[in-house]
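# Build me a model from this:
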Amino acid sequence: MRIALILGAALALIGCEQQQAGEPVVRSELGEPVAGATLDETQEVVPEITADTNAACRPANFEGVPLTHCIADPQLHQISTDLAPTSGANFGTIEGWAAGRNESAIAFVMNAGMYGDDLKALGYFVRGSDRLVELNRGDGGGNFYLKPNGVFFGSNGNWRILETGLFLRTIGDRPQFGTQSGPMLVINGELHPEIQDDGPSKALRNGVGIASDGKAHFVISNEPLSFGKLGRFFRDELEVPNALFLDGNISSLWDPATGRMDGRRVGPLLVVETK
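Just a heads-up that it's a prediction; the model follows:
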């Protein structure tokens, strides 16, 4: 796998941009549009869809930015990981993965972290208790390597988010699912130390946090927003002690209840199904 580094360390962050097939996924740390990206790619707006009150995903708004907030309840749902298909007409998309699936069993699907040229996870990735990628403790440029990064994982309805070092030191048993991404957005109730409250980098972004009641809160922005604003929504509105950034600009959601199917190129997936 290779990740193209655009610029070195800086004070602000930007997510990855959607690339054409066969090109590396670009991740940069500067608060400027990624080189080569068009205005439409960096400023794309997702139409907001109103969901009914019984749906897993509902519209939300934080400081003027429309969001979609999806809740996975361990009493009602199960979570697994998977990979977008690497071939076919809709390769690398949730739509391609969804072809032939039982839609009625799906609560929602969201992209699950950063990936390389082959659409496979850049960091730790477990699918069906099978570890496909080992824990990535390396250093590098881009959002994934902004330490601390972290792991979202779980088994039998017990879902957790831990920063990578703590995961390595304390988790001995392999979970049923797991995905590593970065950076952490919220760590023990505090924003990641390198993230500003509302920095200049704006992009479509998504993340996941675990509340004290064990529910997993997935959030995807429908308009560009900063890392800090997304992190503060998790911390201040959802009151989750730990939240993990999943990705940016390619951030995608399939919500069967509303018919939303984002078509951006993705790799790892988090699949939330009804029990």
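# so where is the stretch 51-200 of the chain shaky, pLDDT-wise?
Counting by pLDDT under 70, the stretch 51-200 of the chain has low-confidence residues at 51-54.
# can you give me the helices in it?
Listed from the start of the chain, the stretch 51-200 of the chain has helices (DSSP state H, counting those that start in this stretch) covering 94-98, 164-170.
# Tabulate those helices (JSON lines), appending distance to Leu135.
To be clear about C-beta, it is placed using only N, CA and C from the backbone, and glycine gets the same treatment. Written out in JSON lines, the entries for those read as follows (distance: least, C-beta to C-beta, whole Å):
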{"stretch": "helix 94-98", "distance to Leu135": "25"}
{"stretch": "helix 164-170", "distance to Leu135": "6"}
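# Can you say which of these is packed in most?
Mean neighbour count (mean count of other C-beta atoms under 10 Å) peaks for helix 94-98 among these, with a mean of 19.
# and it, what does it pack onto?
Using 3 or more C-beta pairs under 8 Å, 6 or more residues apart in numbering; DSSP states H and E, the elements in contact with helix 94-98 are strand 106-111, strand 253-255, strand 260-261.
# Just send these back as a markdown table, with mean neighbour count and distance to Ala203 too.
Written out in a markdown table, the entries for these read as follows (neighbours: other C-beta atoms under 10 Å; distance: least, C-beta to C-beta, whole Å):
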| stretch | mean neighbour count | distance to Ala203 |
| --- | --- | --- |
| strand 106-111 | 25 | 14 |
| strand 253-255 | 24 | 15 |
| strand 260-261 | 18 | 19 |
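# TSV for those, including distance to Leu119?
Formatted as TSV, these follow (distance: least, C-beta to C-beta, whole Å):
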stretch	distance to Leu119
strand 106-111	11
strand 253-255	17
strand 260-261	18
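# so which of these comes closest to Asp73?
Each of these was scored for nearness to Asp73 using C-beta to C-beta, and the closest is strand 106-111 (9.3 Å).
# packing partners for that closest one?
Checking 3+ C-beta pairs under 8 Å, 6+ apart, strand 106-111 ends up next to strand 65-72, helix 94-98, strand 205-210, strand 216-221, strand 242-248, strand 253-255, strand 268-274.
# Any chance of these in JSON lines with distance to Gln176 as columns?
Formatted as JSON lines, the entries for the helices and strands packed on strand 106-111 read as follows, by distance: least, C-beta to C-beta, whole Å:
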{"stretch": "strand 65-72", "distance to Gln176": "14"}
{"stretch": "helix 94-98", "distance to Gln176": "19"}
{"stretch": "strand 205-210", "distance to Gln176": "15"}
{"stretch": "strand 216-221", "distance to Gln176": "14"}
{"stretch": "strand 242-248", "distance to Gln176": "18"}
{"stretch": "strand 253-255", "distance to Gln176": "21"}
{"stretch": "strand 268-274", "distance to Gln176": "12"}
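# Nearest to Ser104 among the ones you listed would be which one?
For these, distance to Ser104 was read as C-beta to C-beta. The smallest value, 8.2 Å, belongs to strand 268-274.
# for the record, mean pLDDT for the closest one?
Averaged across strand 268-274, pLDDT comes to 98.
# For that strand, C-alpha coordinates in PDB please.
The C-alpha trace of strand 268-274 is given here as PDB (Å, rounded to 0.1, in the frame of the first residue of the first chain):
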ATOM      1  CA  PRO A 268     -13.500  -0.700   4.500                       C
ATOM      2  CA  LEU A 269     -17.100  -0.700   5.600                       C
ATOM      3  CA  LEU A 270     -19.000  -0.800   8.800                       C
ATOM      4  CA  VAL A 271     -22.200  -2.700   8.400                       C
ATOM      5  CA  VAL A 272     -25.000  -2.300  11.000                       C
ATOM      6  CA  GLU A 273     -27.800  -4.900  10.800                       C
ATOM      7  CA  THR A 274     -30.900  -5.400  12.700                       C
END
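# What is it packed up against?
Here strand 268-274 is seen to pack against strand 77-83, strand 106-111, strand 177-181, strand 216-221 when contacts are counted using 3+ C-beta pairs under 8 Å, 6+ apart.
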